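[1] coords below, sequence missing:
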C-alpha cells in the first residue's frame, strides 16, 4: 500500500529522472541525483506548497545536476554515454529497417552529445521545452526567469544547438 | 533570382517563431518562399527542424525501481529494506572487517570451485570422475548459495556495489558457468552415458 507522499514521489519521479538523465548525459549520475532529490521531496513534502511543488522539484533537480557538472574534472565526461534502452527503443519505433534503425540511434546519440555541450541555461531550457514539453510559463516558474527572457533563451538555445551540431558534425544533414 | 544577405537575415529572424508555430500564416509563407530560393536557409531550416524533432522524440524516462526502493528505504528507515537496496546508513567504522570477511569468503569460494573442477576433471585410473546428477545438482546449489552469501556479505559491508552487479554479473554467471562445466564433464551428458564394456 502506498502512502500519500509515496504517491507524490511516484508521480514526479519521471520528471526528475528524465531531466537529470538528459542534462547529465550519464545514467549513474542521473540515478544518484534522482535519489537525492526524491529523498529530499519525501522528507520535506509536508512543508511544500502543492501548487509550486513541480517548479520547486525541477529547480532542486537542476541545481543538483549543476553541482554534479561542476564536480566533473574533464569536459569529455559531459559527452553523452550510450543510449538507454528506452531511448534506443524510441529511435527504433520510427525506423522501418535495420539500417534506418542504426541511423536513428546514431542521430540520437549525436544529438545528446551536442546537447551535453550546451552551456547553461540553454541546456536546461531546451530539455524542459523540447523534451519535457513545458510551457513558457512553467519554465519561467521553474527557473525563476521572466517570461520574455525564457522566450529569448529558447530561441538562442536552439541556435546554439545548431552551431554546436555544425561544430561537431559539419554541415551534413543529421537524419 | 539570387537572394540577398538582407533577405536571409530577415528569413532567419522568422525561424524560431516558425518552429514554435507562432508565426502568422503570411509570415510563414514568406519564410518558405525564401527558403525555396535559398539553399543556405533551406539547410538551416531543415537542421533546425531535425534537431527539434529529435529532441521531441526523446522519451521521458522512469527512474529505475532500485532507485525508488532506495528512496523509500532512506526516507522511511523503519520500513524493511527491499531486496538489493543500497543501505541508507553510512558504513560502520569497522566495516573493513566485514569487507575482509566478504573478500575472504569470495577467495575461499573460488578456491573450492577450482579444486572441485580439478577433482572432477582429473582422470583417475581406478576411479573415473563421473559424479552422479544428484551430486551435480547439489554442487550447483551449494555454489549458488555461496555466491549469494558473498553478495549479501558485501552489501552488508557497505561496499558501493550497484544493485544489479552481484546477482546479474557475478552470482548468476558464476552459477551458470559452474553448472555448464559440470554438465560438460565426460559421463554427464545424456549422449555420453557410460557404455557397457567401456
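    That came in fine, so what should we check first? Predicted, not measured: the structure shown is a model, and the values here were computed from it.
[2] ok, residue A:44 - how many residues close by?
    By other Cβ atoms under 10 Å in any protein chain shown, 12 other residues sit near residue A:44. Placement of C-beta: from N, CA and C, glycine included.
[3] distance of it relative to residue A:37?
    11 Å (Cβ to Cβ, to the nearest Å).
[4] same question for residue A:162.
    31 Å.
[5] neighbour-wise, which of the two wins?
    Each of residue A:162 and residue A:37 has its neighbours counted (other Cβ under 10 Å); residue A:37 has more, 27 against 18.
[6] check which helix or strand that one maps to.
    Using DSSP states H and E, residue A:37 sits in helix A:27-44.
[7] is that helix up against chain B anywhere?
    Yes: counting by Cβ under 8 Å from any Cβ of the partner chain, chain B is contacted by helix A:27-44 at A:28, A:31, A:34-35, A:38-39, A:42-43.
[8] which of those are buried?
    Buried by 16 or more other Cβ atoms under 10 Å in any protein chain shown: A:31, A:34-35, A:38-39, A:42, out of the residues of helix A:27-44 next to chain B.
[9] which of those lies closest to residue B:12?
    Residue B:12 lies nearest to residue A:34 out of those, by Cβ to Cβ, at 38.3 Å.
[10] and the next helix or strand past the worst-scoring helix or strand of chain A on mean pLDDT?
    Least confident helix or strand, chain A: helix A:85-94 with a mean of 65, by mean pLDDT, DSSP states H and E. Proceeding N to C from helix A:85-94, the next assigned helix or strand is helix A:98-116, under DSSP H and E.
[11] run the chain-centre distance for that next one.
    16 Å (Cα atoms, centre = their mean, to the nearest Å).
[12] any idea how many residues pack against residue B:22?
    Counted with other Cβ under 10 Å, residue B:22 comes out at 11.
[13] and for residue A:150?
    Neighbours around residue A:150, by other Cβ under 10 Å: 24.
[14] pull out the buried residues from the host helix or strand of it.
    When elements are defined using DSSP H and E, residue A:150 is found to belong to helix A:147-169. The neighbour-count check on helix A:147-169 (16+ other Cβ under 10 Å) flags A:150-151, A:153-155, A:157-162, A:164-165 as buried.
[15] out of those residues, which one sits closest to chain B?
    Set against chain B, the nearest of the buried residues of helix A:147-169 by Cβ to the nearest Cβ is residue A:155 (3.9 Å).
[16] let me see the confidence value for that closest one.
    Looking at residue A:155, its pLDDT stands at 93.
[17] likewise residue B:112?
    Looking at residue B:112, its pLDDT is 64.
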